[in-house]
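no FASTA, just this:
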């Protein structure tokens with residue numbers, strides 16, 4: 001069994017065997033959560049100039065909530081709406097594989113570098129998307145990468161709507177609530 005660091009490296013290398021190992025290891029859920037936190041903190045550090053410390057904290061919390069929402073959406077879409085005959089999965093498998101797919105997000109820490117940081121953050125986002133497709137394909141036991149792409153795209157649209165709704169609710173609760181207290 002690979003170490004935590006070896007799993008992160010394997011996930012970043014888009015190694016199918018790493019995703020299979022993580023999928024099969026119920027004890028890797030904590031590791032997956034740590035990857036999501038590290039990735040979101042790195043992104044927060046990379047955007048400190050724009051978002052400040054509050055953005056770092058809120059971004060980390062939203063990333064953890066988003067990770068769970070994304071895994072849940074992928075589970076429903078991948079196992080109930082678009083399963084293949086071999087598809088057998090559960091939330092834990094998806095949380096673990098999707099969590100490790102966030103590994104390339106660690107590079108978003110370089111967002112602090114003027115101009116180059118934006119390019120690196122964009123490249124890391126694309127890399128994470130590719131890792132996500134592999135993670136979904138492996139967790140859902142798909143033979144078709146196209147099906148995994150479809151599940152990710154459908155889930156992404158629903159996820160974006162959910163995140164916008166969640167952020168809107170937070171703004172209403174804290175933004176308007178704070179304005180009413182003035």
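Looks like it arrived, so ask away. Values in this document were obtained by computation on a predicted structure and should not be read as measured data. Numbering: from 1, shown residues only.

any chance you could map the helices in this structure?
Listed in chain order, the helices of the chain (DSSP state H) span 4-12, 16-24, 29-46, 48-76, 91-101, 116-139, 145-170, 177-180.

could those helices go into JSON lines alongside mean pLDDT and distance to residue 109?
From N, CA and C alone the C-beta is placed, and that goes for glycine too. Output for the helices of the chain, formatted as JSON lines (pLDDT from 0 to 100; distance: least, Cβ to Cβ, whole Å):
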{"stretch": "helix 4-12", "mean pLDDT": "97", "distance to residue 109": "14"}
{"stretch": "helix 16-24", "mean pLDDT": "97", "distance to residue 109": "22"}
{"stretch": "helix 29-46", "mean pLDDT": "92", "distance to residue 109": "4"}
{"stretch": "helix 48-76", "mean pLDDT": "81", "distance to residue 109": "10"}
{"stretch": "helix 91-101", "mean pLDDT": "96", "distance to residue 109": "18"}
{"stretch": "helix 116-139", "mean pLDDT": "94", "distance to residue 109": "9"}
{"stretch": "helix 145-170", "mean pLDDT": "87", "distance to residue 109": "22"}
{"stretch": "helix 177-180", "mean pLDDT": "50", "distance to residue 109": "30"}
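
so which of those helices gets nearest residue 83?
helix 145-170 (9.1 Å; Cβ to Cβ).

list the buried residues of that closest one.
147, 148, 149, 150, 151, 152, 154, 155, 158, 159, 162 (16 or more other Cβ atoms under 10 Å).

before we move on, back to that, return the most buried member of the helices of the chain.
Of all the helices of the chain, helix 91-101 carries the top mean neighbour count, a mean of 26, counting by mean count of other Cβ atoms under 10 Å.

what helices and strands are in contact with that helix?
Of the remaining helices and strands, those touching helix 91-101 by 3 or more Cβ pairs under 8 Å, 6 or more residues apart in numbering; DSSP states H and E are helix 4-12, helix 16-24, helix 29-46, helix 48-76, helix 116-139.

just send those helices back as TSV, with distance to residue 168 too.
Below are those laid out as TSV (distance: least, Cβ to Cβ, whole Å):
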stretch	distance to residue 168
helix 4-12	32
helix 16-24	33
helix 29-46	20
helix 48-76	12
helix 116-139	23
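
select, out of those, the one closest to residue 85.
When the helices and strands packed on helix 91-101 are compared (using Cβ to Cβ), the closest one is helix 116-139, at 14.9 Å.

how far away from the center of its chain is that closest one?
On the basis of Cα atoms, centre = their mean, to the nearest Å, helix 116-139 sits 9 Å off its chain's mean C-alpha point.

any idea how far residue 74 is from residue 125?
18 Å (Cβ to Cβ, to the nearest Å).

separation between residue 171 and residue 64?
Relative to residue 64, and taking Cβ to Cβ, residue 171 is found at 19 Å.
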